[in-house]
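Participant: This is a predicted model, with the sequence first.
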Amino acid sequence: MTHDGPKVPMTEKEQDARLESLLNRLEVEKAPDSLTRRLYRIPAEQGRKQSRWNWLRFESPLPRWVLAPALAAVPVLVLTFVLIQPGQPSAAEVEQARQDLAVAFAYLDQAGLRTGEEIQDVLGTELRHTVKGSLTEHLPFTEPFRKEEST
Amino acid sequence: MSRRFNQWVAEYQNQAWTLARYLLKDPAEAEDACQEAFVKLWHNRDAIDPDKIRPWLMRVTRNNCLDRLRRRRPTQQWEDWQKADEGPGPAQGTQQRELGERLKHSINGLSEPYRSLVVLRDVHQHSYEEVANVLELSLSQVKVYLHRARKQLREQLAEVRP
């Protein structure tokens, strides 16, 4: 029969030392072979998966950093396009158009007057009489009728 | 590139596995979590600073494990699981091996982030800075939490007479 004797409680220092020694004995466990095999297969498996979807990937001879400014330029281009599109004219634009139209009408008036003067010069006063007076006065076959009327 | 990846596998698979085992307990799930972490490493291999591969991988492994635990357990169970394990009674054997098992069990019973802290610092022997990086904590938080975690372990082990 053995006698253990009274158990003396461990001091905090002793507890610390025991924990430290136990922790030091804990070791990193060796990964199972099945896991090791799975891990070494990753490059091949992931490579196959990637190649299956490669046709969806954007391939470009340009470096990748070019994509960032290119993508940033898209909204700028869209904005520019929207701004260039004709919209409501401003008040200044309306005023300018009105002035252009007045000039055009003034030009047309002048052209009309000039044309009238040219016609007058070419055809002389005969046409003026024709236009002003009775048409029958200037037609030869209406002469006997005119004389009868006068008598 | 794949040769470099294989070097990382050789170098870090045991650490990732140990962390996942402590966090998940279920070996099949721990394997899946490790594989997911390494797949992510493969996809991000060009973006990660080669000097920070290990903390990056540990962080991703831990996050994978925590995600799995959250998915696996409804809220209440997750909270219960986070609480310390009852563990084997103090009346169990006093052999060193048994003490070691008791310690492992106690570590498993720690709540987060204490458990990850102990595994990363005391099992993996990571530096305080690296642990802080993995767990996204400040250096002082790491020290304070680690102190609390060790205190809990010490108290649980105190129930076992040498």
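Facilitator: Yep, that arrived. Owing to the predicted nature of the structure, the values given are computational and were not obtained by experimental measurement.

Participant: could you say which helix or strand contains B:Ser106?
Facilitator: Under the assignment given by DSSP states H and E, the secondary-structure element containing B:Ser106 is helix B:96-109.

Participant: For chain B, give me the ranges with low pLDDT.
Facilitator: B:1, B:73-96, B:159-162 (pLDDT under 70).

Participant: Kindly recompute the last result at 50.
Facilitator: Applying pLDDT under 50 to chain B picks out residues B:76, B:84-93.

Participant: Point out the residues in it that sit beside chain A.
Facilitator: B:1-2, B:5-6, B:9, B:13-18, B:21, B:27, B:31, B:34-35, B:38-39, B:42-43, B:99-100, B:103-104, B:118, B:122-124, B:150, B:153-154, B:157-158, B:161-162 (CB under 8 Å from any CB of the partner chain). For every residue, glycine as well, the C-beta is placed using N, CA and C.

Participant: can you give me the helices in chain A?
Facilitator: When assigned using DSSP state H, the helices of chain A occupy the ranges A:12-25, A:33-52, A:67-84, A:91-132, A:143-150.

Participant: contacting residues for B:Lys52?
Facilitator: With contact set as CB atoms under 8 Å, 6 or more residues apart in numbering or on different chains, B:Lys52 has these partners: B:Asn133.

Participant: can you give me phi and psi for it?
Facilitator: The phi and psi torsions at B:Lys52 (degrees, to the nearest 10) take the values phi -110, psi 20.

Participant: Compute the inter-axis angle for the helix or strand hosting B:Ala10 and helix A:33-52.
Facilitator: Here B:Ala10 is covered by helix B:2-24, with elements defined by DSSP H and E. Taking axes from the mean of the first three to the mean of the last three CA atoms, to 10 degrees, helix B:2-24 and helix A:33-52 form an angle of 120 degrees between their directions.

Participant: counting contacts, what elements does helix B:2-24 pack onto?
Facilitator: Secondary-structure packing of helix B:2-24 (3 or more CB pairs under 8 Å, 6 or more residues apart in numbering or on different chains; DSSP states H and E): helix A:33-52, helix B:27-43, helix B:53-72, helix B:114-118.

Participant: at 6 Å instead, please
Facilitator: With contacts defined as 3 or more CB pairs under 6 Å, 6 or more residues apart in numbering or on different chains; DSSP states H and E, the packing partners of helix B:2-24 are helix A:33-52, helix B:27-43, helix B:53-72.

Participant: what's it in contact with?
Facilitator: For helix B:2-24, the external contacting residues (CB atoms under 6 Å, 6 or more residues apart in numbering or on different chains) are A:28-31, A:39, A:43, B:30, B:33-34, B:37, B:53-54, B:57, B:61, B:65, B:119, B:124.
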